[in-house]
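# 3D model of this:
(one chain, ligands or ions: 2)
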Amino acid sequence: MKKIMPIYGTRPEAIKVAPIVKALQADERFDCVVAVTGQHREMLDQVNQLFGIEPDHDLDIIQPRQTLNSIFAKILDGMDRILSEEKPDAVVVQGDTTTSTAGAIAAFNLQIPVVHAEAGLRSFDIMSPFPEEANRKITSQIAALHLAPTRVSKANLLREAVVESDVYVTGNTVIDALLEVVDKKIPFTDPQLAEVAATVEDGTKVVLVTTHRRENQGEAMRGVGRALARLATGNEDVLFVLPAHKNPVVREAVLPYLEGLQNVVVTEPLAYGEFTHMLSLANVVLTDSGGVQEEAPGLGKPVLVMRENTERPEAVEAGTVRLIGTAEDVVVEQVQTLLHDEAAYTAMANAVNPYGDGKAAERTVSGIAQLLGVGERMPAFDDGLGRD
Ligand code: UD1
Ligand code: UDP
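Ligands and ions are numbered 1, 2, ... in the order given. You can find the predicted model right below:
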């Protein structure tokens, strides 16, 4: 049996690694030993609970207002110990968080092959998203197997001279996770959201909002707070739902503007099943999240992305995602258009699935099997965009 160690630490990694953990656990060729860093705590634990994953190792590193270097240092040190004890045949890291890159470097330094899930995403601006663009480029330098979600991400890797046979287009496991939970319409535990769901049945529109990106923190995020307040005041028949990220820096920037507004519902981070349920009820999604940009298009929801660039151009090309930046007036104007201009709304509300078909975890396991000489790869994912 080959021992595989997925290493993850934040909410989006947990969501995207869960289908891989499940697929490894179900495969008798592999012994799956899960290590979490605890870069996130509540937001990580709620995902592991949903998917029934009990980590074998937990570095529990989280600190309030933690810095990038402190996260990095604690992971290098803690994973050195765990990897030296467990001696896995390969590690799996996901995406571009500090956990992901620090976990990859810790394994590389011990000559353990690194499998990089969601490889090859590029915004081509090293400062945005920060520090994620640098993180994923660093991991691409040391990975043994690059699991590119789409042909666009594969092309980015080949341009950086990654050997083609080390790249495998799998689709993104976020779609595997989404398909597992979204149809269950998991009931809302927060009574405010149960009320929102009931109001939607009577035709009320919902704008679902998430924000957390480091490069947006500060004045840009305060502008988002002011934009939301203006939108809520000008559209009293529309509900604005904001599951607030746990980061106090985010809450301090946005929430003061929303106090006392009856049609703004601020909640704790939602368990993944509840979040996807709310996504399915929403009319418009306003976000700076990477994962939400991948999920909402599959549900046919127009997504306004509060960033200047994106490493996920596929749904932008398909017309379902629009990059709008963070300027307060632009945010207001773009949301207003989608709420009141039916033609503009219909033009964006297409269900497209460029990011996966629900089989990315299966392909991932087949890619690991080939890397370790115990099996063959499945055919690559075809994103249907007709590009080579
Ligand atoms: C991290 C990732 C980012 C990812 C995001 C997903 C890095 C550098 N950033 O950013 O790529 O998009 O997660 O959400 O890896 N906190 C809690 N409880 C939690 C989670 C966070 O209290 O469960 C608070 C803590 O005060 C913590 C702060 O949020 O210090 C920031 O967390 P951190 O992981 O450093 O940054 P994120 O913005 O969450
Ligand atoms: N998400 C969630 N609960 C919430 C908000 C988001 O489960 O309250 C999920 C969402 O469906 C997506 C992921 O979290 O899969 C995105 O995480 P985040 O926006 O924190 O990080 P990013 O994807 O930008 O790295």
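# Name the SS class of F188, please.
In three-state terms, and counting by DSSP: H, G, I helix; E, B strand; the rest coil, F188 is coil.
# ok, it - contacts?
A194, V196, A197, L270, E274, H277, M278 (CB atoms under 8 Å, 6 or more residues apart in numbering). All C-beta atoms are positioned from the backbone trio N, CA, C, and that covers glycine.
# let's go with 10 Å and repeat that
Counting by CB atoms under 10 Å, 6 or more residues apart in numbering, F188 touches A194, E195, V196, A197, T267, L270, A271, G273, E274, H277, M278, L281.
# Just the pLDDT for it.
pLDDT for F188: 97.
# Distance check, it against V285.
Between F188 and V285 the computed distance is 17 Å (CB to CB, to the nearest Å).
# re the thing from before, out of the contacts of F188, list just those in strands.
Per DSSP state E, strands hold the following members of these: T267.
# out of the contacts of F188, who's near ligand 2?
L270 (CB under 6 Å from any ligand atom).
# Now a PyMOL select for only the buried ones of the contacts of F188.
Entered in PyMOL, the line below selects the buried ones among those, by 16 or more other CB atoms under 10 Å:
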select buried, resi 196+267+270+271+273+274+277+278+281
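# I'd like the contacts of F188 as JSON lines, with pLDDT and distance to D383 appended.
Output for these, formatted as JSON lines (pLDDT from 0 to 100; distance: CB to CB, whole Å):
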{"residue": "A194", "pLDDT": "96", "distance to D383": "37"}
{"residue": "E195", "pLDDT": "96", "distance to D383": "38"}
{"residue": "V196", "pLDDT": "97", "distance to D383": "33"}
{"residue": "A197", "pLDDT": "96", "distance to D383": "32"}
{"residue": "T267", "pLDDT": "98", "distance to D383": "33"}
{"residue": "L270", "pLDDT": "98", "distance to D383": "28"}
{"residue": "A271", "pLDDT": "97", "distance to D383": "29"}
{"residue": "G273", "pLDDT": "97", "distance to D383": "26"}
{"residue": "E274", "pLDDT": "98", "distance to D383": "28"}
{"residue": "H277", "pLDDT": "97", "distance to D383": "26"}
{"residue": "M278", "pLDDT": "98", "distance to D383": "26"}
{"residue": "L281", "pLDDT": "97", "distance to D383": "27"}
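# and stretch 168-180, anywhere near ligand 1?
No: Stretch 168-180 lies apart from ligand 1 when judged by CB under 6 Å from any ligand atom; the minimum separation is 12.6 Å.
# Would you map the helices across the stretch 51-200 of the chain?
Using DSSP state H, counting those that start in this stretch, the helices found in the stretch 51-200 of the chain span residues 68-86, 98-109, 132-142, 151-159, 173-181, 191-201.
# just for the chain, where's the confidence low?
Applying pLDDT under 70 to the chain flags the ranges 385-388.
# The residue nearest to the spatial centre of it in helix, strand or coil?
Closest to where the C-alpha atoms of the chain average out (CA atoms, centre = their mean) is G291, at 2.9 Å. The three-state assignment at G291 reads helix, by three-state DSSP.
# so what's it closest to, chain neighbours aside?
Spatial nearest neighbour of G291, excluding adjacent residues (CB to CB, 6 or more residues apart in numbering): P12 at 4.6 Å.
# The residue nearest to the centre of the chain contacts R11, doesn't it?
Yes: in this structure G291 lies within contact range of R11 using CB atoms under 10 Å: 8.3 Å.
# which residues do the two both contact?
Y272, F275.
# anything in stretch 257-275 sitting right up against ligand 1?
No: using CB under 6 Å from any ligand atom, stretch 257-275 never reaches ligand 1; the gap is at least 7.3 Å.
# Break down the stretch 201-350 of the chain into its strands, ranges please.
For the stretch 201-350 of the chain, strands defined by DSSP state E, counting those that start in this stretch occupy the ranges 205-210, 238-243, 264-267, 284-287, 303-305, 321-323.
# how about the contacts of F188 in TSV, adding distance to G367?
Below are the contacts of F188 laid out as TSV (distance: CB to CB, whole Å):
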residue	distance to G367
A194	42
E195	45
V196	41
A197	39
T267	38
L270	32
A271	30
G273	28
E274	32
H277	32
M278	33
L281	36
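# tell me which of the contacts of F188 is nearest to S366?
Nearest to S366, judged by CB to CB, of the contacts of F188 is G273 at 27.4 Å.
# Now that closest one: closest residue in space that isn't a chain neighbour?
Closest to G273 by CB to CB, 6+ apart is I186, at 3.4 Å.
# Might you enumerate the residues of the stretch 51-200 of the chain proximal to ligand 2?
With CB under 6 Å from any ligand atom as the criterion, the stretch 51-200 of the chain comes near ligand 2 at residues V174.
# what residues are up against the one residue in the stretch 51-200 of the chain that gets nearest to ligand 1?
Distances between the stretch 51-200 of the chain and ligand 1 by CB to the nearest ligand atom are smallest at T97, namely 3.3 Å. Counting by CB under 10 Å, 6+ apart, T97 touches 8-13, 37, 39-40, 71, 103, 131-132, 135-136.
# from the residues you listed, which would you call buried?
Buried, going by 16+ other CB under 10 Å: 8-13, 37, 39-40, 71, 103, 131-132, 135-136, out of the contacts of T97.
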